[in-house]
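Colleague: Just a sequence and a predicted model for now, questions to come.
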Amino acid sequence: MIDLGMPTLVELLEPEDCARLCRELGLQFVELNMNLPQYQTDQIDLDRLRKICESCHIYFTIHLDENLNPGDFNPYIAQAYQRTVDAAIQLAKRLEMPVLNMHLSRGVYFTMPDRRIFLFDTYRDRYLESMRRFRDRCEAEIGGEDIKICVENSDGFTDFHREALDLLLESSVFALTYDIGHNHSIGGTDEPVILERQERLTHFHFHDAIGKKNHLPLGVGEIDVGKYLTLAEEHGCRVVLETKTVEGLRESAAWMRRRGCGES
């Protein structure tokens, strides 16, 4: 049986509220979103979260800031992002959080008359060296703990993203998150990248989509969710039901229960 989770919802400002809904829906974890001010590492109350886990019988994972960019050419900015991840890893160690989810930034681009030029592509060697340092630092911080930093697909993997991804996956502390809705909305171009590396799949974000309209409840859109549920089960992955509203989450949880996943 795979573990099912929910994202942090803006309708539920307190972690206790998220945890109670998580438990009510028969889910196992809440993914704390570090874009929100209350989930910055300097704001999180460890004892409070620990008590929530114990009382609601759930656990937490982390979604790192979507602006995270350890490859930034400005060393002070890159260092700030690295320190943020270091602090999140320490939080994960103390609360036994198994997953930190992250995106790969595209960085800055110049808009030319006929195309965009991404600076990470133009200065690819420098970018990849930064990602190599990031990988090694994260590996050292995690040490022997059972924590994975899972790289999520978003707006399409570029060539420099694929090289960075393979650099990160050289370390056992890095793995993959497959967001099936984002993949659908860009025409499925991320799926081959992920399936070629599917032995490293650890985490999923499940939401339905219609064209480019994303984060819909499961079963109301165009995605063959059952196919991806089978893939998640084959690899023993955790699955976040990533709708953005309480009502959408309830619908997605009900859809999963009808397929024998989650608690009734």
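Modeller: Great, that's in hand.
Colleague: His203 in helix, strand or coil?
Modeller: When classified by DSSP: H, G, I helix; E, B strand; the rest coil, His203 comes out as strand.
Colleague: How many residues are close by it?
Modeller: Counted by other Cβ atoms under 10 Å, the residues lying close to His203 total 26. Just so you know, the C-beta spots here come from the backbone N, C-alpha and C atoms, and that holds for glycine as well.
Colleague: bridging residues for it?
Modeller: For His203, the beta-bridge partners are Thr177, Arg238 (DSSP bridges).
Colleague: just checking, it touches His235?
Modeller: No: proximity of His203 to His235 does not meet the contact threshold set by Cβ atoms under 8 Å, at 9.8 Å.
Colleague: Which parts of the stretch 101-250 of the chain are helices?
Modeller: Per DSSP state H, counting those that start in this stretch, the stretch 101-250 of the chain carries helices over the ranges 119-122, 124-142, 159-169, 180-185, 191-195, 225-234, 246-258.
Colleague: so which of those gets nearest Val108?
Modeller: For Val108, the closest of the helices of the stretch 101-250 of the chain is helix 119-122, at 5.1 Å, according to Cβ to Cβ.
Colleague: what comes up buried for that closest one?
Modeller: 119-121 (16 or more other Cβ atoms under 10 Å).
Colleague: Could you name the stretch from the helices of the stretch 101-250 of the chain that's closest to Gln38?
Modeller: That would be helix 246-258 among these, by Cβ to Cβ, at 17.7 Å.
Colleague: Run the angle between that closest one and helix 225-234 for me.
Modeller: Relative orientation of helix 246-258 versus helix 225-234 (axes from the mean of the first three to the mean of the last three Cα atoms, to 10 degrees): 70 degrees.
Colleague: for helix 246-258, packing partners?
Modeller: Under the contact criterion of 3 or more Cβ pairs under 8 Å, 6 or more residues apart in numbering; DSSP states H and E, helix 246-258 touches strand 4-7, strand 238-241.
Colleague: And that helix, how far out from the chain middle?
Modeller: From the chain centre to the centre of helix 246-258 is a distance of 20 Å (Cα atoms, centre = their mean, to the nearest Å).
Colleague: try stretch 222-232
Modeller: Worked out by Cα atoms, centre = their mean, stretch 222-232 lies 18 Å from the chain centre.
Colleague: can you check stretch 34-52 too?
Modeller: That offset, for stretch 34-52, works out to 18 Å (Cα atoms, centre = their mean).
Colleague: Which positions in stretch 71-90 come out as buried?
Modeller: Result for stretch 71-90 [16+ other Cβ under 10 Å]: buried residues 71-72, 78, 81-82, 84-85, 87-89.
Colleague: okay, which residue is most central for this structure?
Modeller: The centroid of the chain falls nearest to Asn101 when counting by Cα atoms, centre = their mean (3.2 Å).
Colleague: wait, what's in contact with the closest residue to Asp65 other than its chain neighbours?
Modeller: Leaving aside its sequence neighbours, Asp65 sits nearest to Met34 (Cβ to Cβ, 6 or more residues apart in numbering; 4.9 Å). Shown in contact with Met34 (Cβ atoms under 8 Å, 6 or more residues apart in numbering): 40-41, 62-65, 84, 88.
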